[in-house]
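**Student:** Next comes the sequence, and after it the predicted model I'd like to discuss.
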Amino acid sequence: MEGADASASHKYAKELQVGVRVVQMACSLCQKLQKGSVGPSPDHVISKDDDSPVTVADWSVQAMISWMLSESFGRENVSIVAEEDAQTLSDDSATSLLASVVATVNETLAMAPRFGLKGPTKPLGGSEILDAINCCNSTGGPVGRHWVLDPVDGTLGFVRGDQYAVALALIENGQVVVGVLGCPNYSSKRKLVNNSSVRSDLWQEGCVMYTSKGSGQAWMQPLIQGHGSLEWPNSASVIRVSSIDNPVMATFCEPVEKTNSNHSYSAGIAHRVGLRKQPLRVYSMVKYAAIARGDAEIYMKFAKAGYKEKIWDHAAGVVIVEEAGGVVTDAGGRPLDFSKGVYLEGLDRGIVACSGVNLHEKIIGAVYASWDSSHL
Ligand SMILES: Nc1ncnc2c1ncn2[C@@H]1O[C@H](COP(=O)(O)OS(=O)(=O)O)[C@@H](OP(=O)(O)O)[C@H]1O
Ligand SMILES: [Mg+2]
Ligand SMILES: [Mg+2]
Ligand SMILES: [Mg+2]
C-alpha cells in the first residue's frame with residue numbers, strides 16, 4: 001500500500017495499515033447492504049432514543065471493526081470510543097435484527113484475507129458480536145491511546161442511497177494521530193456534485209482517505225471491490241487541498257439537514273465573505289473529504305445551541321484535512337479539543353474547515369462580525 005508503506009518506519013505504520021484495511025472491509029460491507037445482496041433492505045431503519053436512525057450497517061460495521069482491532073492489537077490493549085451500543089440488538093424482540101447483523105459481520109470477516117488481514121477461524125456467534133459492539137464503550141480522554149469510530153456517519157445519507165462515510169481515528173494523549181475515512185459513494189475519479197438524486201449505483205466506486213499526524217501528506221485509494229480478482233496492495237495517490245483562496249471562486253459545503261446546521265446563518269456568513277456559489281449540501285464527513293481532495297474550499301457547521309458535537313463525527317476528517325494542507329478550528333478560531341472525552345468540550349459555536357488560512361481568516365472574521373445578529 002503506497003502511502004502507508006512509504007511510511008513503514010513510521011510510528012503509526014501498523015495502526016494505519018490495519019485501519020485502512022478494516023475501513024476498506026467496512027465499505028464493502030455497507031455497499032453489499034446497500035445493493036441488497038445481503039441483509040434487510042438498507043432503508044430498514046430503527047429509531048434510537050434520541051429519534052436518530054440506526055441500521056444493520058451501523059451495528060455490523062462497529063462489530064466487525066471492533067473485532068478486527070482486538071484481533072490485531074490484543075483486546076486488552078484496545079480502547080474504542082464509538083457511536084453505537086448493543087442495547088436494542090440484545091432485546092428479546094430483536095432476534096431477526098441480530099441475525100442480520102451476525103450474518104453480515106460473518107460474511108465480511110470471511111473476506112478478511114482478501115484485504116490482507118486474518119479473520120476468525122469459525123463464524124462468530126451472536127454473543128461474541130454483541131460483545132464486540134458493547135466493548136466500544138470507552139470514553140477516551142487526555143491519556144493513552146483510544147480508537148474513535150463512527151461506523152456509519154451520515155446514516156440518513158446511507159439510507160437514502162446518498163453520501164455517507166466510515167470514520168476511524170486514533171487519538172493518542174488527546175491528539176488525533178491517525179485518520180481513515182471511507183467514502184463508499186464518493187468516487188476517487190469524479191468530483192462531488194450538488195445532486196442528491198444521483199443514485200449510488202451510478203457513482204461506480206468510492207474511496208478511502210487516510211493520514212497520520214505530522215506526515216504532511218494525506219492519501220486516497222479507490223475501494224477494493226469485493227468481487228473479481230483483488231489487487232492488493234492497491235494504488236494510492238496523494239491528495240491536497242484546493243489552491244483557490246478567492247471567495248468568489250470558492251465552494252462551501254454544509255450538512256444537508258437544517259436541524260444539524262443553521263443554513264440561514266451560514267448563508268449570511270457566505271454573503272459577508274463574498275462567496276457566490278450555492279452551498280454544496282452533503283451528508284456526513286464526506287464534507288471533510290471534499291475539502292481534503294480540493295473539491296470544495298470551506299466547510300461550515302453551526303449546530304443548534306446546546307447540541308454537543310461528538311469526537312467521532314470529526315476526528316478522522318480533521319486530521320486528514322490538516323495533513324492535506326487545510327485548517328480546521330471552531331468558529332472562534334481555536335483548534336478542536338479531542339482530549340476531553342466523548343464530546344468536543346468547549347467548542348465555540350461551530351466548526352470551520354478551510355483549504356487555507358486566507359479563507360479561514362475571512363470566515364472567522366465574518367463570524368465575529370455577524371454573531372450579534374445571529375439567531376442560533
Ligand atoms: N441536532 C444535531 N445537530 C448537529 N449534529 C447532529 C444533530 N443530531 C445528530 N447530529 C450528528 O450529525 C451527524 C450528521 O452530520 P452531517 O453533517 O452528516 O449532517 S447531515 O446529515 O448532512 O444533515 C450525525 O452523525 P451520524 O449519527 O453518524 O449520522 C450526528 O452525530
Ligand atoms: Mg447516528
Ligand atoms: Mg456521525
Ligand atoms: Mg454514525
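**Tutor:** All right, it came through fine. Ligands and ions are numbered 1, 2, ... in the order given.

**Student:** Pull up the residues of the protein that are close to ligand 3.
**Tutor:** Taking Cβ under 5 Å from the ion as the measure of proximity, the chain contacts ligand 3 at 150, 153, 313. To be clear about C-beta, it is placed using only N, CA and C from the backbone, and glycine gets the same treatment.

**Student:** Quick check: of the residues you listed, which lies closest to residue 300?
**Tutor:** Checking those against residue 300 with Cβ to Cβ, the nearest one is residue 313 at 14.4 Å.

**Student:** tell me the domain boundaries of this protein?
**Tutor:** Domain segmentation of the chain under automatic domain parsing yields 3-239, 247-373.

**Student:** what would the ones you listed look like in TSV with mean pLDDT and mean neighbour count?
**Tutor:** As requested, the domains of the chain are exported to TSV (pLDDT from 0 to 100; neighbours: other Cβ atoms under 10 Å):
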stretch	mean pLDDT	mean neighbour count
domain 3-239	89	20
domain 247-373	97	21
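
**Student:** need these in CSV with distance to ligand 2, can you?
**Tutor:** Output for those, formatted as CSV (distance: least, Cβ to the ion, whole Å):
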stretch, distance to ligand 2
domain 3-239, 5
domain 247-373, 9
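
**Student:** For ligand 1, which of these is the nearest?
**Tutor:** Judged by Cβ to the nearest ligand atom, the one of the domains of the chain that comes nearest to ligand 1 is domain 247-373, at 3.1 Å.

**Student:** what are the phi and psi angles of the closest residue to ligand 3 within the chain?
**Tutor:** Taking Cβ to the ion, ligand 3 has its nearest neighbour within the chain at residue 153, 3.6 Å off. With angles defined as degrees, to the nearest 10, residue 153 sits at phi -100, psi 130.

**Student:** what's across from it in the sheet?
**Tutor:** Counting by DSSP bridges, residue 153 forms beta bridges with residue 165.

**Student:** Could I get the contacting residues of residue 54?
**Tutor:** Counting by Cβ atoms under 8 Å, 6 or more residues apart in numbering, residue 54 touches 45, 46, 47, 48, 84, 88, 155.

**Student:** correct me, but the second one touches residue 97?
**Tutor:** The reference is to residue 46. Yes - counting by Cβ atoms under 8 Å, residue 97 is a contact partner of residue 46 at 7.3 Å.

**Student:** Can you check which residues contact both of these two?
**Tutor:** Common neighbours of residue 46 and residue 97, counting by Cβ under 8 Å, 6+ apart, are residue 88.

**Student:** mind checking the SS state of the residue nearest the centre of the chain?
**Tutor:** Centroid check for the chain by Cα atoms, centre = their mean gives residue 167 as the closest residue, at 3.0 Å. State at residue 167, reduced to three classes by DSSP: H, G, I helix; E, B strand; the rest coil: strand.

**Student:** That one against residue 154, yeah?
**Tutor:** No - counting by Cβ under 8 Å, residue 167 does not reach residue 154; the two are 9.6 Å apart.

**Student:** so what's in contact with these two at the same time?
**Tutor:** Common neighbours of residue 167 and residue 154 (criterion: Cβ under 8 Å, 6+ apart): residue 285.

**Student:** Once you drop chain neighbours, what's closest to residue 319?
**Tutor:** residue 179 (3.8 Å; Cβ to Cβ, 6 or more residues apart in numbering).

**Student:** Please report phi then psi for that neighbour.
**Tutor:** Note on residue 179: its backbone torsions stand at phi -140, psi 130 [degrees, to the nearest 10].

**Student:** Is it bridged to anything, and to what?
**Tutor:** Counting by DSSP bridges, the residues bridging with residue 179 are residue 169, residue 211.
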